[in-house]
Structure formats: C-alpha cells, structure tokens
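Student: Pasted the sequence and its predicted model underneath.
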Amino acid sequence: MQTTPSNHTATGISQHQITALLARERHLYDERNPKSRSQAARAAQHLLFGVPLHWMNDWGTPFALQVATAQGAHLTDLDGHTLADFCLGDTGAMFGHSPPAVAQALAEQASRGYTTMLASEDAAVVAETLAQRFGLPMWQFAMTATDANRFVLRWIRAATQRKVLIVFNGCYHGTVEDVFVDLLDGQPVQRNSLLGQVHDLTQTTRVVEFNDLKALEAALAPGDVACVLAEPVMTNIGMVLPQAGFWKQAQALIRRFGAMLVMDETHTISSGPSGYCQAHGLTPDALVLGKPLGGGVPCAAYGFSAELAPRVVAAKHNAPPGHSGIGTTLSANLLAMAAMRVTLTQLMTEANFLHMHALAATLSTGLRACIKRHHLPWCVTQVGARTEFQFCATAPINGTQAGLAMNPDLEHVIHLYLLNRGVLITPFHNMMLVCPDTTEEDVSRLLQVFDAALSTLLHTGPDE
Ligand SMILES: Cc1ncc(COP(=O)(O)O)c(C=O)c1O
C-alpha cells in the first residue's frame, strides 16, 4: 500500500503526544540495552545495514535488539531482560520457541543425515497427514512460504496455460514479485518500494479490493486468469475479515471463469489444526502452508486438489526436459521433514489450539475493554490465535481502509513502550500471537502494560 501520513485515519492521539513519548521511550531503550547497543555496533562493521536482514531495522528501536535465547513463549535479550513474546517470530514460532518435541526429532535426525536430495519415510507420512487434514490429496515442499507461493503460481500458469494473476489490494504473500501491485486511486500501480524489478508487473497481475465481488468478477471476465492468490483473512495490512458469504461467492465466480483459487494459509493456520478454509467450508484448488509448519524450522508445503493435480503433472510431462524453475536443493531435506512430521502430529493439535484460542479471546476482550476505557476510536480483530488492534473505529473491509488506519509513528511508540516493559509484539502492524506456552500471566502483563501505554500517551505533553 502506498499511503502518505496526511491521509491516515484519525487515531485519537495527537502527533505531539506521540513524538514526546517516543523520545522518552527511545532514551529508556538506549539506557536499558547497553549490551545490545555494543553488539549492534560490532555487527555494523560487516553486516550491511547492521543487521542480517535489512528490514530488521524497521522494528523502530534505536538499534537492533539482540536475542540471547528463545524458549516457549519467552525471549531473553542480551542485556538479560525476559520478554513475553507475542511476536513469536511473526508466526514461525506459533507453537513456541524450540518446542521440545521438535528439538528431540531434530536431535534424532541429526545423527542420521540432514540433506540428501532423496525421499524418506517422513515425506510420505507428512504428505498423508497434510492430505487428511487439509482435504487436498497431492503435496510438494519448499523452504519458505514465499517459495511455495512462487512455485504454485508457476505450476498453475503452466497447467492452465494462462498468465494473469489476481490479488487483493494490500496483500502480502512473501517476496513473490507478482503480488506487489496496489490500487492507487483505483488504478493498479507497481509497489514503489520493490527493488530491482525490471518487468512491469501490472501486465500480468490484476488487483481488486477484498470483499468486492463486482470487481473480482470484472477482473475474471476476460477469461485469461490463471488463479486468484489470497489469504482467507487478510493479515498483513492489519486484519481484514471476509464479509458473510464473500468467499463462497468468490469461489463460485473463480470456478465459473475457469480460474484456480489458491489460499495462502501461512498466517491463518492460527484458526485451528486444519486452517481457516477447512473450518469455514472453503475448497481451494491449491493451498500454501509455511512458517510454523516445522515448529520454527524453515519449511513450507503446498497442496493441489484432485482436479488440479493431474493438470499439474501433465504440464510437467508435456514440457521439454530441463529446469522447471520449481524447487531448490535444500527443500524437503531430512531435518525439515522430521520437523514437519512432529509438528503436525504433536503440536498442531486440538488441545493446543483450544488453549491458544481461549487465551487469544481473553486478550481480545481485554484490549477492547482497555481501548473503550480510554475512549479511543480503535478496533480489535481475532482470528484464532492471532489478535490485532487497528487505529480505526470499525473493522476495515478492504486493504485501502486497513492501510489508512495504519500509523507507523503511533505503532512504534506503543511497541517500544511495551518492549521497554518486557512485552514484544509484531512490528509493521499491531499483531499479537499466542502459543501453547503462553500463560494467563503473559496475557495479563500485556494488557496491563498496554493500558499504561495508553494512559501515558494520552497524558504526555511536550514538557514531560
Ligand atoms: C500470508 C503470507 N504468506 C507468505 C509469507 C512468506 O513467508 P516467508 O517470509 O516465510 O517466506 C508471509 C510472510 O509474512 C505471509 O504473511
């Protein structure tokens, strides 16, 4: 989304309150984290941007927080603070940091080989489990959800002999270039932050607003669309829920025009052991899973329906021999397979999700009450184990509305206030995830510090 500060929704907090508190919190962070500061300075000598990934600087801390250990629902930083972690590696650690069952499976596999470019028993078991659980019979693997999305797109374009992709405005599906197209004043525009892109993505990507069936129908109408790639709930521009009946009708439209529906459940797997689609009776043609699928070990999977799978196989058989552009050497390695097997069978359980959903409900209710107490025009949305507060009075229904409700300065100051008091939430928006190890006390702590953050923000003046 390309928004400018001038068109942000009113948040109920003035810019001078934000600026004044941000200065205080940055100073406090600096004082509290001398070891992180010196480690960050050392790292800056040989790490581009001072961090292993350039966007780690977008957390909004004066310098990068350095992790010492992560276990269960907690992180310890280099200066010895223990943080209640509601970021959870933004979903990679949705089943807790270093879950013992995964650690044990990795330790056992570690003496039997890591990577061989060969199949193993674990692969068959994982695919069987995925098929039973997600209702799609045929599966392949990747290292990241980004790659899984990229590969699915390639397979479906080959199978359908169609080029065009439809996405929803404000979406994110990893660094898959094809989806970096936004609606700006109703016109498709390539996201201007995308680096080094040499193709005009608007030639093959159409973008429509979420919950807009008419726009979706118009985009499908030329009959040249290979697939619609979507999250069942938008989660990356804040949260945007589908309106009642949206997906059933969207699915029918997509089928009518001979296109495929690809559901990216990388985040919405927070809905339960079988994801959002199964819980809501949706039947996508392809499904993507990533991030927490290996309990934090890098791996991803994608599945095809009984109708699509043979078309995918035919596309490969009909192509000349040689590189398909799909797959990487380390994908589906033995460690990843062992991690997925144990995560699927021992961590992605009904019992764990029951605990997570109950705590997320407590968190959502508590946040709503706190926001109401402070008379702020903000809303809270929960999708399973994920909860998000947004700086708008009513939940947004599309990416444009959700984008306008974002306010990076306000986000930064709240996040930093929480971090300085032992609570970590996801950067870039206001998402909080709970894992099986998260406790009532962790949630109470978050709510208490959040309440203090709002009180302080509302009563902070330039002279304080
Ligand atoms: C919905 C969705 N799909 C895919 C991805 C890509 O995951 P990864 O960065 O692990 O490749 C993300 C990342 O945030 C995501 O939110």
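Tutor: Cool, got the structure. All figures in this text were calculated on a predicted structure; none of them were measured in a lab.

Student: Pick out the residue in the protein sitting closest to the ligand.
Tutor: Residue of the chain nearest the ligand, by Cβ to the nearest ligand atom: residue 174 (2.8 Å). In short, each C-beta sits where N, CA and C put it, glycine included.

Student: contacting residues for that residue?
Tutor: 144-147, 149-150, 266, 290 (Cβ atoms under 8 Å, 6 or more residues apart in numbering).

Student: longest single helix anywhere in the protein?
Tutor: Identified as the longest helix of the chain according to DSSP state H is helix 350-373.

Student: got the contact list for it?
Tutor: By Cβ under 8 Å, 6+ apart, helix 350-373 touches 95, 270, 272-273, 378-382, 384-387, 389, 432, 434-436, 438-440, 443, 446-447, 450-451, 454.

Student: same thing but at 7 Å, please
Tutor: Helix 350-373 is contacted from outside by 95, 272-273, 378, 380, 382, 384-387, 389, 432, 434-436, 438, 443, 446-447, 450-451, 454, using Cβ atoms under 7 Å, 6 or more residues apart in numbering.

Student: Could you give the average pLDDT over that helix?
Tutor: Average pLDDT, helix 350-373: 98.

Student: what does the stretch 1-150 of the chain put close to the ligand?
Tutor: Residues of the stretch 1-150 of the chain lying close to the ligand by Cβ under 6 Å from any ligand atom are 144-146, 149.

Student: among these, which two are most distant?
Tutor: 144 and 149 (8.9 Å; Cβ to Cβ).

Student: Compare neighbour counts for the two and give me the winner.
Tutor: Set side by side, residue 144 and residue 149 show more neighbours around residue 149, with 26 against 19, by other Cβ atoms under 10 Å.

Student: quick one, helices of this structure?
Tutor: 15-32, 34-43, 100-110, 121-134, 145-160, 213-220, 246-256, 275-279, 308-318, 334-342, 350-373, 399-404, 408-419, 440-459.

Student: now the fourth one, how far from the chain's geometric center?
Tutor: Between the centre of helix 121-134 and the centre of its chain there are 23 Å (Cα atoms, centre = their mean, to the nearest Å).

Student: what sits up against it?
Tutor: 137, 139, 273-275, 278, 287, 301, 303, 332, 337-338, 340-341, 344-345.

Student: Can you tell me which of the residues you listed has the most neighbours?
Tutor: Of all the contacts of helix 121-134, residue 340 has the most neighbours under the rule other Cβ under 10 Å, reaching 30 neighbours.

Student: tell me the contacts of it?
Tutor: Counting by Cβ under 7 Å, 6+ apart, residue 340 touches 126, 293-294, 299.

Student: burial measure for residue 124, as a count.
Tutor: 12.

Student: can you check residue 178 too?
Tutor: 19.

Student: Leaving out the residues flanking it, which one is nearest to residue 319?
Tutor: Take residue 319 and drop its neighbours on the chain: the residue closest to it by Cβ to Cβ, 6 or more residues apart in numbering is residue 158, 7.1 Å away.

Student: unless I'm mixing things up, that neighbour is touching residue 317, no?
Tutor: No - at 10.9 Å, residue 158 and residue 317 do not qualify as touching, with contact defined as Cβ atoms under 7 Å.

Student: Where does the prediction get shaky in the stretch 151-300 of the chain?
Tutor: By pLDDT under 70, the stretch 151-300 of the chain has no low-scoring segment.

Student: and the spatially most central residue of the chain, what does it touch?
Tutor: Nearest residue to the geometric centre of the chain (Cα atoms, centre = their mean): residue 267, 4.6 Å. Neighbouring residues of residue 267 by Cβ under 7 Å, 6+ apart: 91, 231, 235, 386.

Student: how many other residues sit next to the third one?
Tutor: Pointing back at residue 235 there. Going by other Cβ under 10 Å, the residues that sit close to residue 235 add up to 24.

Student: Spatially, what comes nearest to residue 259 if we skip its sequence neighbours?
Tutor: In space, residue 259 is closest to residue 225, 4.1 Å off (Cβ to Cβ, 6+ apart).

Student: for the one you found, what are its contacts?
Tutor: 162, 164, 166, 257, 259.

Student: Would you mind giving these as TSV with neighbour count and distance to the ligand added?
Tutor: TSV is the format used below for these (neighbours: other Cβ atoms under 10 Å; distance: Cβ to the nearest ligand atom, whole Å):
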residue	neighbour count	distance to the ligand
162	19	22
164	21	20
166	23	16
257	17	24
259	24	20
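
Student: Among those residues, name the ones in strands.
Tutor: 164, 166 (DSSP state E).

Student: Reformat the contacts of residue 225 as JSON lines; add distance to residue 367.
Tutor: JSON lines is the format used below for the contacts of residue 225 (distance: Cβ to Cβ, whole Å):
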{"residue": "162", "distance to residue 367": "43"}
{"residue": "164", "distance to residue 367": "40"}
{"residue": "166", "distance to residue 367": "33"}
{"residue": "257", "distance to residue 367": "40"}
{"residue": "259", "distance to residue 367": "38"}
